[in-house]
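Asker: Give me coordinates for this.
(one chain, ligands or ions: 1)
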Amino acid sequence: MLITTRFAPSPTGCLHIGSIRTALYAWLFARSNKGKFILRIEDTDVKRSTQSSISEIIDGLKWLGLNWDEGPYFQSDKIGYYKDIINFMIKSGLAYKCYCTSRRLDILRKKQLLTGKKPKYDRKCRDLLKSSGDLEYVVRFRNPISGTVSFFDEIRGEILFNNEELDDVIIQRTNGIPTYNFCAVIDDNDMNITHVIRGEDHINNTPRQINLFRSLGFNVPIYAHVSMILDINGKKLSKRKEVVSILEYKSRGYLPESLLNYLLRLGWAYGNQEIFSINDMIKLFTLKGINRSPSRFDVGKLLWLNRFYIKNVSKCSIVEHLKYQFDKNNINYSNGPDLIELIQLVGTRYNTLQDMVNCSRYFYDNHIILNADAAKKYLVKSSIVILEYIYNKILHLDKWSLEELLTMIHVSVVELNMNFSVISMPIRVAITGNTISPSIHIVIYGVGKLRVLSRINAALIYINKN
Ligand SMILES: [Zn+2]
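Answerer: Numbering: from 1, shown residues only. Okay, here's the model as predicted:
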């Protein structure tokens, strides 16, 4: 049997980290079993589906490297096909037209609630003898009235429902569009999905879908329902985009490696191991390892992992992600050290690539932003002698290397007869605009001779003006 899983999001909002974790588990399960992973877009809800959400799904999966073997398939392309099956079901008695008005259903619901009953459709139209002509209708599935429906969930074990509790689920709306529960069953069957791995919010749909599978003579797939992600305090994750959107994490300078590693561990464990390469994940992943209880999202831990990966992934890979960050910040990265060299100059001790870019922009920007406190403290009259001295040294330097520049700084300590920090701070502020940077000879080297000279000049003008 070819193990086949799918990721089947509805394109109605941002790509949520919870969805992505489910996608990761489905992808890993397929990969670790040499199976197939299918991408299916469930966009039959025309009103709520958007093109930007579809792009976000595709871009997000690509960015994370969760490649699919088939798809993306769009359910909206197959409406006619679904309706043919629904018509067949009506003819063969597996489904029926329900003409109840929403007003009638509302009243029914209120009555049931008042008498302490669980609201449920009363099957009024289930055995109508003739059709009601032109009246508006939905199509309902003829769910078994008695007996039970049970399934073995790979994460939660045996789950059982009484058919009595289940409604005759609507499979086609009044506007003629088939519903989620119906299309999911048809597609899972057509695509030979062997394992449905999805969020626990679908548990209540599962018995309805199983009954649909059986009525059509289809094989029922194996189910695994993944628990929710809560915030650090155990509350529901806020829907704010900056908290839950995968692409927002990309934009903030997280690496795909750290997000995948974090989302894997958030709800799945293999002993005490924290760091998992993609190959480790594929080798070690099992559905049984998924935790049944909800997980708590901890940004601190994600940052820790991101810092780890920024230090440890290949420089070439960092460069690719850095290009995106520079572009996003409108910094022209060809206007300074090349990015491999930049990594050597500034190191990799950053929580995010956004931090790294913020700390490097003075290498590329034509004009620096002068920090007011730094300027007030270090660009003062007593710094003139230092800045003029260094200006002349640099002007007459014939070789531009880190070694040369380091020697020049050492010589200046002796010749000016000042402490190293007394000399380096005004230069640092003049060149970077700030008090924090890598070693001063590294900064001078990376910014380049012409730009260093012009920035020192500008600092001298600033001192004389203030
Ligand atoms: Zn009805």
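
Asker: CA atoms only for the helix or strand that contains Gly446 - export them in PDB, please.
Answerer: Per DSSP states H and E, Gly446 falls inside helix 440-447. Provided in PDB are the C-alpha atoms of helix 440-447 (Å, rounded to 0.1, in the frame of the first residue of the first chain):
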ATOM      1  CA  ILE A 440      36.300  49.000  15.000                       C
ATOM      2  CA  HIS A 441      38.900  47.800  12.500                       C
ATOM      3  CA  ILE A 442      36.200  45.400  11.100                       C
ATOM      4  CA  VAL A 443      33.700  48.200  10.800                       C
ATOM      5  CA  ILE A 444      36.200  50.400   9.000                       C
ATOM      6  CA  TYR A 445      37.200  47.600   6.700                       C
ATOM      7  CA  GLY A 446      33.600  46.700   5.800                       C
ATOM      8  CA  VAL A 447      32.300  50.300   5.300                       C
END
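
Asker: can you give me the mean pLDDT across that helix?
Answerer: Here helix 440-447 scores 96 as its mean pLDDT.

Asker: got the residues of this protein near the ion?
Answerer: Counting by Cβ under 5 Å from the ion, the positions of the chain adjacent to the ion are Cys98, Cys100, Lys124, Cys125. Any C-beta I mention is one placed from the backbone N, CA and C, and that applies to glycine too.

Asker: helix, strand or coil for Tyr350?
Answerer: coil (DSSP: H, G, I helix; E, B strand; the rest coil).

Asker: Would you agree it is in contact with Val357?
Answerer: No - under the criterion of Cβ atoms under 8 Å, Tyr350 makes no contact with Val357, lying 9.0 Å away.

Asker: list the contacts for His16?
Answerer: Val244, Ser245, Ile246 (Cβ atoms under 8 Å, 6 or more residues apart in numbering).

Asker: Drop anything exposed from those.
Answerer: Val244, Ser245, Ile246 (16 or more other Cβ atoms under 10 Å).

Asker: So the last one sits against Leu64, correct?
Answerer: Yes - applying Cβ under 8 Å, one finds Ile246 in contact with Leu64, separated by 7.3 Å.

Asker: Identify the contacts common to the two.
Answerer: In contact with both Ile246 and Leu64: Ile20, Leu259, using Cβ under 8 Å, 6+ apart.

Asker: Who are the contact partners of the residue in the stretch 251-400 of the chain that the ion sits nearest to?
Answerer: Using Cβ to the ion, the single residue of the stretch 251-400 of the chain nearest to the ion is Pro294, 37.5 Å away. Counting by Cβ under 8 Å, 6+ apart, Pro294 touches Ser227, Met228, Ile229, Leu230, Gly234.

Asker: what's the answer for Arg48, then?
Answerer: Neighbouring residues of Arg48 by Cβ under 8 Å, 6+ apart: Ser10, Thr12.

Asker: do Leu453 as well
Answerer: Contacts of Leu453 by Cβ under 8 Å, 6+ apart are Tyr391, Ile394, Leu395.

Asker: Mind pulling up the pLDDT for the second one?
Answerer: Confidence at Ile394, expressed as pLDDT, is 97.

Asker: Give me the residues contacting the helix holding Gly446.
Answerer: Under the contact criterion Cβ under 8 Å, 6+ apart, helix 440-447 has outside partners 336-337, 341-342, 345-346, 362-363, 394, 400-402, 405-406, 408-409, 424, 427-428, 431-432, 437, 452, 455.

Asker: Buried ones among these?
Answerer: The neighbour count (16+ other Cβ under 10 Å) marks 336-337, 342, 345-346, 362-363, 394, 405-406, 408-409, 424, 427-428, 431-432, 437, 452, 455 as buried among the contacts of helix 440-447.

Asker: if we can go back for a sec, a markdown table please, covering the contacts of Pro294 and showing pLDDT.
Answerer: Output for the contacts of Pro294, formatted as a markdown table (pLDDT from 0 to 100):
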| residue | pLDDT |
| --- | --- |
| Ser227 | 94 |
| Met228 | 91 |
| Ile229 | 92 |
| Leu230 | 91 |
| Gly234 | 86 |
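
Asker: any chance of those residues in TSV, plus secondary structure?
Answerer: Shown next, in TSV, are the contacts of Pro294 (three-state DSSP):
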residue	secondary structure
Ser227	coil
Met228	coil
Ile229	strand
Leu230	strand
Gly234	coil
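
Asker: Among these, which one lies nearest to Leu264?
Answerer: Ile229 (12.7 Å; Cβ to Cβ).

Asker: Now do the same contact list for the closest one.
Answerer: Ile17, Gly18, Arg21, Leu237, Leu266, Gly267, Pro294, Ser295, Arg296, Phe297.

Asker: Just the ones of those in strands?
Answerer: Judged by DSSP state E, those include Ser295, Arg296 as members of strands.

Asker: who wins for neighbours among the contacts of Ile229?
Answerer: Arg21 (25 neighbours; other Cβ atoms under 10 Å).

Asker: who are the neighbours in contact with it?
Answerer: Contact partners of Arg21, counting by Cβ under 8 Å, 6+ apart, are Val226, Ile229, Leu263, Leu264, Leu266, Gly267.

Asker: Please report how far it lies from the ion.
Answerer: 39 Å (Cβ to the ion, to the nearest Å).
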